[in-house]
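**Q** Okay, sequence plus prediction incoming.
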Amino acid sequence: MAKEIVAKIKFQAAGGQATPAPPIGPALGQHNVNIGQFVSQFNERTKDMGGMPVPVEILVYKDKTFTFITKSPPAAALLKEAAQLAKGSGVPNKEKVGSVTPEQVRQIAERKMQDLNSHDIDAACKQIEGTARSMGIEVK
């Protein structure tokens, strides 16, 4: 018989650098989950991500145990890294702040493919291009 799920918690944390501070501590504390155990497991699993935001989905069971799934970093974070930007444009239609190549867009799409709702890589590339456009990043 499967364990009974009490809660499903979603948030983003820095890969390999999670601490019991908010948002992790309060989110897990209210469900009486061992915060230190989660932080150490999360940091071990994401140590190669180097501080990039990582979405995580935690299932908390009735006996206070948990399992979690890490997803790929947000497309915006990957685009900022590829374009070497600190942040996107405040007015993306008028002010372009950087550019990425179609090859970089394809690499990002391949990395995010499992988390996107695209059936093929071309559709995933179009989604990433749309995110880039909304951030003021040109695809050249």
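**A** That came in fine, so what should we check first?

**Q** Quick check: the gap between the nearest residue to Pro23 once chain neighbours are set aside and Val105.
**A** Using C-beta to C-beta, 6 or more residues apart in numbering and skipping residues adjacent in sequence, the residue nearest Pro23 is Phe11, 4.7 Å away. For every residue, glycine as well, the C-beta is placed using N, CA and C. As judged by C-beta to C-beta, to the nearest Å, Phe11 and Val105 stand 27 Å apart.

**Q** out of those two, which sits in the busier spot?
**A** With neighbours defined as other C-beta atoms under 10 Å, Phe11 and Val105 compare such that Val105 has more, 24 against 16.

**Q** pLDDT at Asp120, what is it?
**A** As predicted, Asp120 sits at a pLDDT of 93.

**Q** Give me the buried positions along the helix or strand harbouring the residue nearest to Pro23.
**A** Counting by DSSP states H and E, the secondary-structure element that holds Phe11 is strand 5-14. Residues of strand 5-14 classed as buried under the neighbour-count rule (16 or more other C-beta atoms under 10 Å) are Ile9, Phe11, Ala13, Ala14.

**Q** so what's Gln107 up against?
**A** With contacts defined as C-beta atoms under 8 Å, 6 or more residues apart in numbering, Gln107 is in contact with Ala82.

**Q** Over to Glu57?
**A** Contacts here follow C-beta under 8 Å, 6+ apart; on that basis Glu57 touches Lys8, Ile9, Lys10, Phe68, Ile69, Lys71.

**Q** Just send those back as JSON lines, with pLDDT and distance to Phe42 too.
**A** Formatted as JSON lines, the contacts of Glu57 follow (pLDDT from 0 to 100; distance: C-beta to C-beta, whole Å):
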{"residue": "Lys8", "pLDDT": "95", "distance to Phe42": "16"}
{"residue": "Ile9", "pLDDT": "93", "distance to Phe42": "12"}
{"residue": "Lys10", "pLDDT": "94", "distance to Phe42": "13"}
{"residue": "Phe68", "pLDDT": "95", "distance to Phe42": "7"}
{"residue": "Ile69", "pLDDT": "94", "distance to Phe42": "11"}
{"residue": "Lys71", "pLDDT": "92", "distance to Phe42": "12"}
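
**Q** All set now, cheers.
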